[in-house]
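# Structure for the following, please:
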Amino acid sequence: MSFVLTLPDDDPGPGRRWSTWTSVTKGQRGPEPRPGWVVTSDAALDTELGILKTGKEADVHLVERAVPGDPARRSLLAAKRYRGREHRQFDRDAEYTEGRRLRRTRDQRAVDDRKSAWGRAVRATQWADAEFTALGRFREAGVPVPYPVQIDGTEILMEFVGHADDDGAYVAAPRLARTRPGPDLLAEWFEQLRDAMGAVARLGWAHGDLSPYNVLADGERLVLIDLPQVVDLVAVPRGVELLHRDCRTMCAWFAARGLAVDADELFAEVFAQVW
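Residues are numbered from 1 along each chain as shown. Here you go, the predicted model:
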């Protein structure tokens, strides 16, 4: 005897929705092999648990995706949602998107028109798509980034980087800028950073806006985040300059905490891996 699962079409309640996993296409889901914690069931519910971060371009929320009554099928996700067109502030997007072109001529014309409301909406989707694509490519290349679960319009669902404390509360991994590592961990973190930047460069890219606020310290592991402005080092005229800026910004933080590092040396080592 076989059974067909049917889901109620009514509202599951405040702060909840049915999982959107099956409503997006294959290209809008993360790369395979997919981690075992990713919940793909039609019976799963997405529950809002709170805000992790607010920003000029996007807010990040904590979401639980779980199948009711089945503790084995449960995961925590960070939902990055780009702001509505009337609130969006992509002040510096031109320096990052110069090498990006859209397939539809109408959309490209709208993006080029800085006063167009439709153009602002398209730019939000463009940035979300760029970040989701970068997360997938970087993850496949072994770069330490959150696993991108799916994208739906201007919402990206990705791996939550953090842990549950002794009281069962969820605690996001701190940004690198808010940590106070000892000398040994500081040196280890710099090695991880150098490896990550090199791996990104081998793909022909740079983060473009790398800073201690765009790196998470998950225990002894660094994780790169905030990737909508990833820069193609060939297509973007200022790409190499932005990579050099990434090196200077990160080395300044490490040097201020006592580690002898040189931004020009880091840049030379990372840039050499582009070819």
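
# what's the average pLDDT for stretch 229-239?
Average pLDDT, stretch 229-239: 93.

# Any idea how many residues pack against residue 69?
Counted by other CB atoms under 10 Å, the residues lying close to residue 69 total 7. All C-beta spots, glycine's among them, are computed from the backbone N, C-alpha and C.

# Now it, what are its backbone angles?
phi 80, psi 0 (degrees, to the nearest 10).

# now swap in residue 263 and tell me
Dihedral angles for residue 263 - degrees, to the nearest 10 - are phi -60, psi -40.

# Now do the contacts for it.
Listed by CB atoms under 8 Å, 6 or more residues apart in numbering, the contact partners of residue 263 are 244, 247-248, 250-252.

# can you pull the pLDDT of it?
pLDDT at residue 263 comes out at 98.

# can you check the one 3 residues further on too?
The predicted local confidence for residue 266 comes out at a pLDDT of 98.

# Wait, it touches residue 249, no?
No. Assessed by CB atoms under 8 Å, residue 266 is found out of contact with residue 249, at 10.7 Å.

# ok, those two, which is more surrounded?
The neighbour comparison of residue 266 against residue 249 (other CB under 10 Å) goes to residue 266, with 23 against 17.

# So for the more buried one, what's the nearest residue that isn't a sequence neighbour?
On the basis of CB to CB, 6 or more residues apart in numbering, the spatially nearest residue to residue 266 that is not a chain neighbour turns out to be residue 247, at 4.5 Å.

# Spit out the contact partners of the one you found.
Counting by CB under 8 Å, 6+ apart, residue 247 makes contact with 197, 263-264, 266-267, 270.

# Pull stretch 48-60 out as CSV, backbone CA atoms only.
Extracted as CSV, the C-alpha positions of stretch 48-60 are listed here (Å, rounded to 0.1, in the frame of the first residue of the first chain):
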residue,chain,number,x,y,z
GLU,A,48,12.0,32.6,11.9
LEU,A,49,14.1,32.7,15.1
GLY,A,50,15.5,36.2,15.0
ILE,A,51,17.9,38.7,13.3
LEU,A,52,21.6,37.9,13.1
LYS,A,53,22.7,41.1,11.4
THR,A,54,21.4,44.2,9.8
GLY,A,55,23.1,46.1,7.0
LYS,A,56,22.7,48.8,4.4
GLU,A,57,22.0,46.3,1.6
ALA,A,58,20.7,43.3,3.4
ASP,A,59,19.6,41.8,6.7
VAL,A,60,20.5,38.3,7.8
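
# quick one: average pLDDT of that stretch?
Here the average pLDDT along stretch 48-60 is 92.

# again, but for stretch 201-219
Rounded mean pLDDT across stretch 201-219 is 97.

# What residues sit buried inside it?
201, 203, 205-212, 214-217 (16 or more other CB atoms under 10 Å).

# Output that stretch as PDB, restricted to C-alpha atoms.
Provided in PDB are the C-alpha atoms of stretch 201-219 (Å, rounded to 0.1, in the frame of the first residue of the first chain):
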ATOM      1  CA  ALA A 201      42.700  33.900  -6.700                       C
ATOM      2  CA  ARG A 202      43.200  30.600  -8.500                       C
ATOM      3  CA  LEU A 203      39.600  30.900  -9.600                       C
ATOM      4  CA  GLY A 204      40.400  34.300 -11.000                       C
ATOM      5  CA  TRP A 205      38.600  36.300  -8.300                       C
ATOM      6  CA  ALA A 206      39.100  38.500  -5.300                       C
ATOM      7  CA  HIS A 207      36.700  39.100  -2.400                       C
ATOM      8  CA  GLY A 208      36.900  42.800  -3.200                       C
ATOM      9  CA  ASP A 209      35.700  44.000   0.200                       C
ATOM     10  CA  LEU A 210      37.600  41.800   2.600                       C
ATOM     11  CA  SER A 211      38.000  43.100   6.100                       C
ATOM     12  CA  PRO A 212      37.900  41.700   9.700                       C
ATOM     13  CA  TYR A 213      34.200  42.400   9.600                       C
ATOM     14  CA  ASN A 214      33.700  40.000   6.700                       C
ATOM     15  CA  VAL A 215      35.400  37.100   8.300                       C
ATOM     16  CA  LEU A 216      33.900  34.800  11.000                       C
ATOM     17  CA  ALA A 217      36.000  33.100  13.600                       C
ATOM     18  CA  ASP A 218      34.300  29.800  14.100                       C
ATOM     19  CA  GLY A 219      36.400  28.400  16.900                       C
END
